[in-house]
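In: A predicted structure for the sequence below; I have some questions about it.
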Amino acid sequence: MRWIRSLIPTLREDPADAEAVSHKLMVRAGLVRQLAAGIYVYLPLGHRVIDKVNRVIREEMNAIGGQEISMPVLQPAEIWQQSGRWDAIGGEMFRLKDRNQRDMCLGMTHEEVVAWVAARELRSYRDLPQIWYQIQTKERDEARPRSGVLRTREFLMKDSYTLDPDAAALDVSYNAHKQAYCKIFDRCGVRYVVVDSDPGMMGGSGSHEFMAPSAAGEDDVALCAACGYAANVELARGVPAPGGLPDAAAREVATPDARTIAEVAAQLKVDASSTVKSLVFMVGDMPVLALVRGDHNLHERKLARALRAEARPAQPDEVRKLLGVSVGSVGPVGVKGASRIVADQSLKDGAYVVGANRDGYHLVGVTAGKDFACEWADLQVALPGEGCPKCGQSLSVERVIEVGNIFKLGTKYSEPLGAMYLDEQGQQKPIVMGSYGIGPARIAAAAVEQRHDADGIVWPWAIAPFHVHIVPVAVKDATQMAAATEIEKLLEGAGFDVLMDDRDERAGVKFKDADLLGVPIRITVGNALAKEGVVEIRERATRADWKVPRERVLEAIRKIVDGLAMG
Ligand code: ATP
Ligand code: MG
């Protein structure tokens, strides 16, 4: 491809609103432009990258027996009503009415459509298993579209669905996907960890997430370097150092003007780990008290799992109205109005300082089970340095981008949508489903997050928009241009994707753009050609340079590519 005839609008400056490195660099390198919040145009280079990611995905999906299909973005409400998700999903779903006032929505995922097809087209155990996939546009009215293409309201997803006769067969399909995903991320040059995750709104019995470490991520995972334990902090259970005070009789003490944990701990001269945060949440219109240690934070997903219901933090005026105390004074002893008290497991041992349900006072020496009754659950966000739940060694916590995930759905969708089959005994049974997603844009952005330097992107070979970037220094010099063109043809003939910067620009400008674009190999055709008969080959990642006789360019490039080891 020739630069002059291409749309590659590079920018010197970062876009004003961008924080994530991938957002800045993908805009500056002319890959994408934002049309509206979370809605992006992919320009030619951006499109090429996504196309290459998709190629890798297709190959690996086909390799495990996936059949590519295409399901509609525009969907009738009925199938979502049958699965129960029409009501369960809130503002994230784009809803609309057709001209006959029928409810419709834009697909955010396709379990319902898959179950609808299966209900009609699969009849017997002989029709199973099946793997169907598509690489297709999803629409989600994300609450906070951010970080460039990492979280957009319209995005491409590879979503696949497995249909199996039973749980054991689902395990096989699930593991095949797990392995295919590892191959996809390996090939795309993205570093990742596979973690246990919370199936959340997808329902089902097991799930894993593929997480690419990056500061731009929105998730945290707890990792154990010693035994390989890895879990989303939504699920991870760190083993904290013991807290609490020695057991004693509970007594009330004055704590004037102490509102925060830090203030209470300071006044009473105890560590925050000897205090309890009493948090009020609303489940519908019922207040619930959730307790975590003063030095811990509550994870709302963990609470929702413990309660088996979604909960939201209560407003201060709700707390006053329903429990009759102010937020800062709430405590578990003698509290009135809370329908349930759920406490984090770390509060099982020791005595603690808790709110006294009376402004200006706290209770010291309170023991769960003795001074108040409660349910036990894991509520606390795992912290770095806590013990690994498997081996006891120290956990680390890393920020990550979720690039893919896999779910065992079971029969959550097949039952309501009537996706049944006849087994070998002629008995009707629900098909057992799995669902598996990957975001190509997140792969591209995660690669940029993990592989860049001060000058620009450093693309992994497999998903680089081009393999080789040729820079003729003086395009008006006919010999240089002829040599550059010859090399371009030679490399293209050998199967490389080549970008030739044929702009009549200063070499410095072209080199800067080459670094920004991040094509793995740059070939400079300049004065050295006339003087020494050589061109200069430079590897973007290492900035290693070689002077190579022009007739040995192909050989040299092949050698470098071998060295890149697909990275
Ligand atoms: P998140 O927790 O980040 O919102 P999700 O759990 O909603 O993700 P899925 O519905 O399982 O994601 O989608 C599968 C894959 O699609 C994700 O792993 C991610 O790679 C991609 N994806 C999801 N939401 C978006 C989005 N808003 N923009 C870009 N890619 C997305
Ligand atoms: Mg989401």
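Out: Ah, there it is. Ligands and ions are numbered 1, 2, ... in the order given.
In: any idea which helix or strand carries the closest residue to residue 310 other than its chain neighbours?
Out: Ranked by CB to CB, 6 or more residues apart in numbering and with sequence neighbours excluded, the top spatial neighbour of residue 310 is residue 304, at 5.4 Å. Placement of C-beta: from N, CA and C, glycine included. Per DSSP states H and E, residue 304 falls inside helix 300-307.
In: tell me, how many residues neighbour residue 398?
Out: Residues lying near residue 398 (other CB atoms under 10 Å) number 18.
In: for it, list each beta-bridge partner.
Out: Assessed by DSSP bridges, residue 398 has beta-bridge partners residue 221.
In: so it sits right up against residue 213, yeah?
Out: Yes: counting by CB atoms under 8 Å, residue 213 is a contact partner of residue 398 at 5.1 Å.
In: need the overlap of contacts for the two.
Out: Common neighbours of residue 398 and residue 213, counting by CB atoms under 8 Å, 6 or more residues apart in numbering, are residue 193.
In: what's the closest non-adjacent residue to the residue of the stretch 451-567 of the chain found nearest ligand 1?
Out: Nearest residue of the stretch 451-567 of the chain to ligand 1, counting by CB to the nearest ligand atom: residue 463, 14.5 Å away. The shortest distance from residue 463 to any non-neighbouring residue, by CB to CB, 6+ apart, is to residue 52 (4.6 Å).
In: report the buried residues of the host helix or strand of that neighbour.
Out: Residue 52 belongs to helix 44-63 when elements are defined using DSSP H and E. Residues of helix 44-63 classed as buried: 45-46, 48-50, 52-54, 56-58, 60-61 (neighbour count, 16 or more other CB atoms under 10 Å).
In: what about it, near ligand 1?
Out: No: judged by CB under 6 Å from any ligand atom, helix 44-63 and ligand 1 are separated, with a smallest distance of 10.9 Å.
In: stretch 151-165 too?
Out: Yes: using CB under 6 Å from any ligand atom, stretch 151-165 reaches ligand 1 at 151-152, 155, 157.
In: and the residue nearest to residue 463, how far from ligand 1?
Out: 16 Å (CB to the nearest ligand atom, to the nearest Å).
In: quick one: that residue and residue 466 touch, right?
Out: No: counting by CB under 8 Å, residue 52 does not reach residue 466; the two are 10.1 Å apart.
In: where does the nearest residue to residue 399 once chain neighbours are set aside land on pLDDT?
Out: Here the nearest residue to residue 399 in space, its sequence neighbours aside, is residue 217; by CB to CB, 6+ apart that works out to 4.5 Å. Note for residue 217: predicted pLDDT of 95.
In: cool, and residue 398?
Out: Residue 398 is assigned 95 on the pLDDT scale.
In: what distance do you get for it to ligand 1?
Out: Remark: distance between residue 398 and ligand 1 (CB to the nearest ligand atom) = 16 Å.
In: OK, contacts around that residue?
Out: Shown in contact with residue 398 (CB under 8 Å, 6+ apart): 193, 213, 220-221, 223.
In: number of nearby residues for residue 459?
Out: Residue 459, neighbours per other CB under 10 Å, totals 26.
In: now swap in residue 380 and tell me
Out: Counted with other CB under 10 Å, residues neighbouring residue 380 total 24.
In: name the element the residue nearest to it when sequence neighbours are not counted belongs to?
Out: Take residue 380 and drop its neighbours on the chain: the residue closest to it by CB to CB, 6+ apart is residue 296, 4.3 Å away. Assigned by DSSP H and E, residue 296 falls within no helix or strand.
In: pretty sure residue 296 contacts residue 233?
Out: No: the pair residue 296 / residue 233 is not scored as a contact, 12.0 Å apart, by CB under 8 Å.
In: any shared contact partners between these two?
Out: Joint contacts of residue 296 and residue 233 (CB under 8 Å, 6+ apart) are residue 381.
In: how close does the residue nearest in space to the middle of the chain sit to residue 219?
Out: Nearest residue to the geometric centre of the chain (CA atoms, centre = their mean): residue 402, 1.6 Å. Noted for residue 402: a distance of 6 Å to residue 219, by CB to CB, to the nearest Å.
In: any residues in contact with both of the two?
Out: Taking CB under 8 Å, 6+ apart as the contact rule, residue 402 and residue 219 both touch 209, 211.
In: got phi/psi on the residue in the stretch 1-150 of the chain positioned nearest to ligand 1?
Out: Per CB to the nearest ligand atom, the residue of the stretch 1-150 of the chain with the smallest distance to ligand 1 is residue 142, at 5.0 Å. Per-residue torsions, residue 142: phi -60, psi 140 (degrees, to the nearest 10).
In: helix or strand next in line after the helix or strand where the residue nearest to the centre of the chain lies, which one?
Out: Assignment of secondary structure by DSSP H and E places residue 402 within strand 395-410. Counting by DSSP H and E, the next helix or strand C-terminal to strand 395-410 is helix 414-417.
In: name the residues that touch that next one?
Out: Taking CB under 8 Å, 6+ apart as the rule, helix 414-417 contacts 79, 82-84, 112, 115-116, 118-119, 163, 420, 430-433.
In: 10 Å instead?
Out: Helix 414-417 is contacted by residues 78-79, 81-85, 111-120, 122, 163, 420-421, 429-433 when judged by CB atoms under 10 Å, 6 or more residues apart in numbering.
In: residues from the chain in reach of ligand 1?
Out: The chain has residues 109, 140, 142, 151-152, 155, 157, 402-405, 437-439, 441-442 near ligand 1, with proximity defined as CB under 6 Å from any ligand atom.
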